[in-house]
Every structure is written in C-alpha cells, then in structure tokens.
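[1] okay, here's the prediction I keep looking at, along with the sequence it came from:
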Amino acid sequence: MDILYLLIPLSVALVFFILAGLWWAIHRGQFEDIEAEGERILRND
Amino acid sequence: MPNASALGWTGPAQDADPLNLLDEPEEWAAFSMREKDAPGCWRSSVVFEGMHCAACAITLEDALRSVPGVSSVQISGASHRGQIVWSPEQTRPSQWMRSVERHGYKALPANDAHAHQRRRDEARRMVWRLSVAAMCMMQVMMYATPAYLSGPGDISAEAMHLLRWASWVLSLPVMFFSCTPFLGNAWRDLRERQISMDLPVALGMVVTFVVSTLGTFEPEGPFGAEVYFDSLTMFVFFLLTGRWLELRLRDRTAGALEAVLNRLPDSVRKRQPDGSWERLSIRRLAVGDVIEVLPGEAFAGDGTIVSGQTQVDEALLTGESLPLKRQVGDRVIAGSHNLSGTLQVRIEQVGAATRYAQIVALMESASLSKPAMALLVDRWAKPFLMAVLLASLASAIYWWPTDPAHAVMVAVAVLIVTCPCALSLATPAAMLATAGALARSGVLVRRLSALQNLASIDMVIFDKTGTLTRDALDVVRIHTRQGLDPEQALAWASALARHSLHPVSRALWSEARRRAERSSSLPELERLTAGEISEQAGQGVLGRLEVTGSTGLNLRLGSARFCDAPGFSGHHLQVSLADDAGWLATFELAEDVRPEAARVVARLKALGLTLKMLSGDGPHAVAQVARQVGIDDAQGACSPQDKLKKLQAWQALGHKVAMVGDGLNDGPVLAGADVSFALGQSVPLAQSKADFVLMAGHLDALVSTVLRSRQTLRIVKQNLVWAAVYNAACVPLALMGYLPAWAAGLGMALSSLLVVLNALRLASPLPTPDHDLQPGHPA
C-alpha cells in the first residue's frame, strides 16, 4: 500500500487544481446569469 | 455589457481617495437630500457592506452617532441600507464614512453607480468561498471515511497520520479563507466589546480547528488523537450555504424594492449640438437634453418622445401591468422601461424632480422603518447570545472531567446550533417580502408597521370624490325634443364640447366618443367640427356647426336658462343644448362611480369589515353613490373636522379604522386613522401622508393588500414560533451532548433558511384585478 503515500498528497494537489479552475469560472462570471444563456436563443437580435 | 469607464464615465476619478470626492456638494447631493426638519442638515442614503444581522446595524448606528455633526442615523439590518442626517458645518460624508470603515464595514452612496459592481463582487466572493468550502469538505470526508469504517489495526499508524495530515492541509483554506467573514466579524466584536451572532460560531470554528490540529500533530496531548476536520469543514459548508442562499433569497425578497431603487441606467446617450451622440453619466443629464433610448433600456428622466414609437412597461411605477403604447408627443416616466422601439426623448425632469425619485425616497424610508415586533426581537438578541456563551462554557466545564475532547465538542455544538438570526430575520424578512410584492402591484408602503396594523382593522371608511368615484362625470340620461335622436343630439353637443376643458364638456365628448366607437361611426363624429366657438363665462358655449347638405346650425350648450330648456326634475347635474329654433336636448350627468367599487365593497364586506362613507358632498349625491356601491352607512356634508371627529368616536368604541381617501383634501383624517390609503395617481407622493399609496389609481389593490397583510402577520408569527421552538429543542440536545457539531451547523443553516423561505411565500405577486372592467386600457 505504499502507493498511498503518493496518491494522498496527489489527491490534495488535485483539489487545489480543481479549485483553480473554479476560481477562473467564478471570476469570469460564468455563474452570474444562468438563465440568460438559455433564453438567448429565443431572442431576435 | 461594456464597462462604464470605456463609455466616458465621468464619475469620481480612481486615483485620489474616492471618499474625499464625495465631499464636493454636487457629489453628495447625488445621494442626499436637504433635511426638512433640521435646516442646514442633509439626509444621505447609503448602502452598507459587511452587515450580517441586527446586531451589526446597532454597532453601525452607535459608530455613526459618535461622529460629531451626525444628528440621526437609521439603519435597516434586513436591506443593508441606511439614512444619515448630518450637518455640513461640522462634518463631511468622508468623515462619517471613514468611521464606518474603522468599524470594519463599508458605506457606499446609495445612488452610486459603483454599488452594483461592488454587489456583484460581493456575490462572487461569496460563491467562491462556498466553492472552496465545498471542494475541501468533500475531500476531507474521503480522508475521514477510512477512520469510520476500519476496525482497530486495519490501517497502519503511518497511513492514518498521512490521512490526518492531508485533512489538515485541506482544512487550512476552509479555516483561513472560507471562514474569514465569521472570524473577521467575531474579531471586530471582541475589539468593540460587542456581541453578534458570528461570535459563537467563530468561537466554535476556532476551537474545533485547534483541537483537531493538536490531535494531528500532538496525539499524546490532552485532547487525544481524535480529529474533527470533517465536522469543521461540514458545518462551515452548511453555514456558508445558508448564508449564500439567504443572500440570494433576500435579494429576491427585497427584489422589487431593489428593482425600483436601482432602476435608472448609469449612463445615457445624449445628442450633441452637431447631431452626434455622446455617452455621459446620468448625473450630468439636464432638462432639455435629447437622449436616445434603446429597446430594453430604462428611461433616465421624465420626458416627451420626439421621435420613434414603442411600448413601455410602467408596472413598477403605476401598477399598470400591461405594456402601454407611446408615440411622438407622449410622455414617458423615469424608471419605466422601453420595450420595443428605439426612441429619442427630450428630458423634462431629472433627478429628485421625477416621480420615480419620489417613489424611491418613499420606499427607502419604508424599508428602514423597523416594525414594532422586530424592535422587540432585536432587544432580546444580545442577552440571548450572552446566555448561549455562558451555557456552552458551563457544558464544557461539566463534561471536562469525563472526556476533555468530548467536552470541547459539546461546547462547540452549543455555540453553533443557536440561531438568533432566525429570530431577528423573522419579522423584517416577511414584511419586506410583502412590501416588495405590493410595490410590484403598484401599492407603496410607507411604514412597515402599517402592515401589522392593517391586519387587525375591522372598519374601512371611504371618502367619496376621487375614491369611490372618479373625478370625471358620466352621462346618465338624455332628454330630447320630439323627433330628435339622442345620439344625434349628443354628437352635436360633443362637437361644441370638444373645445372646452370644463368637466361637463369632457364628459359629453368622451361619452359621444364611446358611443361612436360602439357603432363604429367614430370618423363621422371626428368630422363634425364646430367653428366660431365662443365661451360665455358661467353660461355655456356658442358655436356654429357645419352640417353637410344644409346651411349649418348655430348651437348653444350650457345651463337650462342659456338654452331655454324646460325644467327636468332630478338631482343630477344638467346641461342643455339649443339651436336658433330653441331647446334641443338636456343631458343628465352623474358622478362616475369606479367600475370596481361595488365589487371591492362586496369583497371587503366578505372579509368581515364594517364599511362606512364620509363625504363633504351633499347628502343626496352621497346617498346615491352609497346605494350604487353597496355601503349602508354613508354621511354627507362632513367637513374634514367632522370626519376626524366621527373617526375618533369610532376608535373610542374600540374599532381599528382604515381610511381610504384621495390623499389631497383629507390629510388630517388620513393621519388620524390606524391605517390610511391614498389613491395616488394625482397625488404628489412626497405630500401624501398615507401609509399605503395605491398608485394604479383603482381600488382592487385594496382588497389584496388587506389579505396580504393578514397573511404577513400569520407568517411572522409562524417564523417567531419556529425560531423559538428550534432553539428550545436544539440547545438542550446540544448541552446533553447528543448533537454533533456538523448536525448543529446543518440545523442552524436550515433554521435561518426556513424563516427566509417562509417569508418568501409573501413575495408572490398579488392576484391581478379583472382588467376587462377597466376602461381606458390599450387593446
């Protein structure tokens, strides 16, 4: 089970990696107006 | 959306301290008004950031009052808005705003265009905090699972230590980033020797983290090797979720208020003398400017359309829920929305002069007024929190001899499970939700306490003119000379009447139009034109009507004597028509009872309310209207003093009285009633002293407002009972050690949420009145 000594630190790193992605998404405003994107196709302009 | 600076935003520059810029009188005037009661003082509206509960509002109020020159402060914990009255001789906005910052909050001018941006950033930070807590919580759960599932000896000590170490690493961002709002507020409270609901929570977090960290790195210590990272991350996640949902719900609850308050665009496109367009800040907009308004945009000021046609949505300002047609020459109002066409509008009113600004001022002061029940709860919040701290300390001491680690976690659970927020949110959340829903239906609430009073009224008194009746008159009967068609007589009369602004003339013309429309002979009516019009004061109108195929008619329209008319008995107003040969016709006019009045009266009676009518008009006319709408007890010829005396007599008998008036002539009576309504289309809002203003100018909203106020009181009571029951049940459980910390966090978050969700039921739109009975609507 020595692989645990690699995998556990790796899983910690993975969390930080995913968080970096979330940071990008939130601060680009991806979650701000969720309905608007769905309705966009119904608009004329 | 392009950002403001790219559009030539000419607001405060970014380099200097932006607070100093607010010290320019023209800048502070953008979010302040001269205070009427204290000459020389200004009343500023601000939005606060960093507030969480009622205790924060009290802290802020104390902080602001201690600034020399600030004479009065009112802050709403529910809407995060406040009004500050200050004297320019002693202080400046930057001074009291810095005092707010010193206490760890931020004050923003309420009309500042940056406020929106800041709010968005705050929402993003909140989501980001929540995401960090969520991701870390999930992973910490994974690391904790083996410890729960394995038997003794299944996992080697090193692997176990590695898992704990990994949990600790992932708890760091939760503790030092996600928890910062709680920790920051608690720290501020400690420094200020204050107490708010974040203090127990933060204490719980810190204690759990310290105990678990000791367990990780010093397994031989007093708390043993047990770690609680899973509990810690979980309750932080629950608390943040609760906060976040609460924030979103509150935005929606107060949504209609906010929607009205923040309706004007930041910038407008103004036509330059050379015909080009330039974008400039709305604050620089002046009367006489021509601006371009695109579909979907809000109008920045009251004005007249000079080019283009469109439909507009004035629902929030007048309660009119249907889109209205507007074309060149029509007026548009600030804050209403342009729906379909590109327009050019000449601005006639800006800033505080617009009806929109009056509505905003009224709504702001309403959302700040604290209902009596909320004040009572606020007073109890601090002693309650104190008791919680003491109880948790007592439980720790009690359990310590058996197991120090368990003792600490019991104390933590007690700290976290208590939820005074549910208590302090219970009343304002419900009342704001109702005020928002009412505002969307065109009913403005001036004081939130009025909702509480309205729920308990048992008598409604109506004024007559302008309330149960419209100001306009209605043609009820036409007498004609033998052989003359009434329609024909009316058409002739209307040809003269068109040229006069007298109410009688307007009634004749609109009746003729209505009949012509019904028989689709409107073009013929429009073609009937009278010439050589002359008005004889106090008598009537003379004119010559060209009729095809004849020499024309010399017509007279006016009093019976003016037209040599035979007398007709009856108590209606009469007007006669005559030609050179003598009398032609007599029209009887009556007051135009609102079409919805009878229905509203019936529905109010069905609610168990006693209805009365008091009017200054003659007893005849009053009795007539009373019969028509179905009010049994009507009294005419009352002076305003008589009305007030009668009202007070009824109040002395124990009645709770609501008064409905036009808001113009019955000020003292409205003020004397327990609750007052004004029909507000003609009323300058700032002058009206009524608790409720029915902006749509029809009575249907009255019934739904009464119903909604009763529902509001019911929901406030439910909320208060829930908060009390929750605390009474959970605190003892936690004290006895049956409630783990994560469950305590979940319980507290759910309890606050439940209160806000329950209040949100009040935000549903009011039932719409039957529009088909409303004349004058666009087809």
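    That came in fine, so what should we check first? Numbers count the residues shown, from 1 in each chain, chains lettered A, B, ... in the order given.
[2] contact partners for B:Cys179?
    B:202, B:205, B:236 (CB atoms under 8 Å, 6 or more residues apart in numbering or on different chains). Quick note: C-beta positions are derived from backbone N, CA and C, even for glycine.
[3] just give me the closest of those residues to chain A.
    B:Val236 (15.1 Å; CB to the nearest CB).
[4] helix or strand: which one has the closest one?
    According to DSSP states H and E, B:Val236 maps onto helix B:229-253.
[5] going by neighbour count, which residues in stretch B:712-725 are buried?
    If you call a residue buried by 16 or more other CB atoms under 10 Å in any protein chain shown, then stretch B:712-725 has these buried ones: B:712-713, B:715-716, B:718-720, B:722-723.
[6] okay if I get those as a markdown table plus secondary structure and distance to chain A?
    Below are the buried residues of stretch B:712-725 laid out as a markdown table (DSSP: H, G, I helix; E, B strand; the rest coil; distance: CB to the nearest CB, whole Å):
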| residue | secondary structure | distance to chain A |
| --- | --- | --- |
| B:Thr712 | helix | 29 |
| B:Leu713 | helix | 33 |
| B:Ile715 | helix | 27 |
| B:Val716 | helix | 31 |
| B:Gln718 | helix | 31 |
| B:Asn719 | helix | 29 |
| B:Leu720 | helix | 34 |
| B:Trp722 | helix | 31 |
| B:Ala723 | helix | 31 |
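[7] and those residues as JSON lines, adding pLDDT?
    Output for those, formatted as JSON lines (pLDDT from 0 to 100):
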{"residue": "B:Thr712", "pLDDT": "92"}
{"residue": "B:Leu713", "pLDDT": "92"}
{"residue": "B:Ile715", "pLDDT": "92"}
{"residue": "B:Val716", "pLDDT": "90"}
{"residue": "B:Gln718", "pLDDT": "92"}
{"residue": "B:Asn719", "pLDDT": "89"}
{"residue": "B:Leu720", "pLDDT": "87"}
{"residue": "B:Trp722", "pLDDT": "89"}
{"residue": "B:Ala723", "pLDDT": "85"}
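[8] helices or strands up against the helix holding B:Val236?
    helix B:114-149, helix B:157-173, helix B:198-217, helix B:404-417, helix B:420-440, helix B:741-760 (3 or more CB pairs under 8 Å, 6 or more residues apart in numbering or on different chains; DSSP states H and E).
[9] hmm, back to that, between the buried residues of stretch B:712-725, which is closest to B:Gly303?
    When those are ranked by distance to B:Gly303 (CB to CB), B:Thr712 comes first, at 37.2 Å.
[10] hang on, B:Thr304 in a helix?
    No - counting by DSSP: H, G, I helix; E, B strand; the rest coil, B:Thr304 falls outside a helix, being strand.
[11] could you verify my assumption that it touches B:Val345?
    Yes - at 6.8 Å, B:Thr304 counts as touching B:Val345 under the criterion of CB atoms under 8 Å.
[12] overlap of the contact sets of these two?
    B:Val332.
[13] who has more neighbours out of the two?
    The neighbour count for B:Thr304 versus B:Val345, taken as other CB atoms under 10 Å in any protein chain shown, is higher for B:Val345 (25 against 15).
[14] look up which residues are beta-bridged to the more buried one.
    B:Val345 has these beta-bridge partners by DSSP bridges: B:Ile291, B:Ile305.
[15] quickly list the domain ranges of chain B.
    B:19-112, B:264-297+B:301-349, B:440-468+B:594-709, B:471-593 (automatic domain parsing).
[16] give me the secondary structure label for B:Val475.
    Counting by three-state DSSP, the backbone at B:Val475 sits in strand.
[17] quick revisit: looking at the domains of chain B, which is buried most?
    Stretch with highest mean neighbour count among the domains of chain B: domain B:440-468+B:594-709 (a mean of 20; mean count of other CB atoms under 10 Å in any protein chain shown).
[18] about what we covered before: go through the helices and strands packed on helix B:229-253 and find the least confident stretch.
    Ranked by mean pLDDT, these bottom out at helix B:420-440, which scores a mean of 78.
[19] what's the first helix or strand after that one?
    Sequence-wise, the next helix or strand downstream of helix B:420-440 (DSSP H and E) is strand B:443-445.
[20] partners of that following strand, with directions?
    strand B:692-694 (antiparallel).
[21] ok, the residue in the stretch 351-500 of chain B that chain A sits nearest to to B:Leu757 distance?
    For the stretch 351-500 of chain B and chain A, the shortest gap (CB to the nearest CB) falls at B:Arg440, measuring 18.8 Å. Per CB to CB, to the nearest Å, B:Arg440 is found 19 Å from B:Leu757.
[22] dump the residue contacts of the residue of the stretch 251-400 of chain B found nearest chain A.
    Going by CB to the nearest CB, chain A is nearest to B:Pro295 of the stretch 251-400 of chain B, at 8.7 Å. Contacts of B:Pro295 were listed using CB under 8 Å, 6+ apart, and they are B:310, B:338-342.
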